[in-house]
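Asker: need a structure here:
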Amino acid sequence: MQAKAEATGASWRDVLVSESLFQLIEYASGALTSYCYPVISYPREYYHRLEANTPPITLDKLAPGWGARNLPGAMGLQFYWLITSSGG
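Answerer: Below is the predicted model:
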């Protein structure tokens, strides 16, 4: 790691954080591909779509989402959201 820090001009802390992030990304990616699945979400008023007073659904009411099959999948989603959020 010292060689990486010297070669890049980064501090030891930055190199350690970088290595940790790569490990988290690998964990989250593995959990996402193994234990999670994509879903299409829509508003609650469309859950009972057979009711006559429900207006037609439009594309702007749909949203992408993720579902987890088990605890490792839920943990992978948490890691995914944390490392991809702009809030840090």
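Asker: element containing Phe79?
Answerer: Here Phe79, judged by DSSP states H and E, is contained in helix 71-84.
Asker: residues in contact with that helix?
Answerer: The set of residues external to helix 71-84 that reach it, using C-beta atoms under 8 Å, 6 or more residues apart in numbering, is 21, 24-25, 27-32, 34-36, 66, 68. (Glycine included, C-beta is placed from N, CA and C.)
Asker: How about stretch 56-70?
Answerer: Contacts of stretch 56-70 (C-beta under 8 Å, 6+ apart): 32, 35-43, 46, 49, 74, 76-77, 80.
Asker: For the residues you listed, which single residue is the most surrounded?
Answerer: Gly76 (23 neighbours; other C-beta atoms under 10 Å).
Asker: Leaving out chain neighbours, which residue sits closest to it?
Answerer: Ala31 (2.4 Å; C-beta to C-beta, 6 or more residues apart in numbering).
Asker: Give me the neighbour count for that neighbour.
Answerer: Ala31 sits with 23 neighbouring residues when counted by other C-beta under 10 Å.
Asker: can you pull the contacts of it?
Answerer: Contacts of Ala31 (C-beta under 8 Å, 6+ apart): Pro72, Gly73, Met75, Gly76, Leu77, Phe79.
Asker: Now flag whichever of these is closest to Ser85.
Answerer: Phe79 (10.8 Å; C-beta to C-beta).
Asker: From Ser18, how far out is the spatially most central residue of the chain?
Answerer: The centre of the chain sits closest to Tyr80, judged by C-alpha atoms, centre = their mean, with a distance of 3.5 Å. Distance, Tyr80 to Ser18, using C-beta to C-beta, to the nearest Å: 18 Å.
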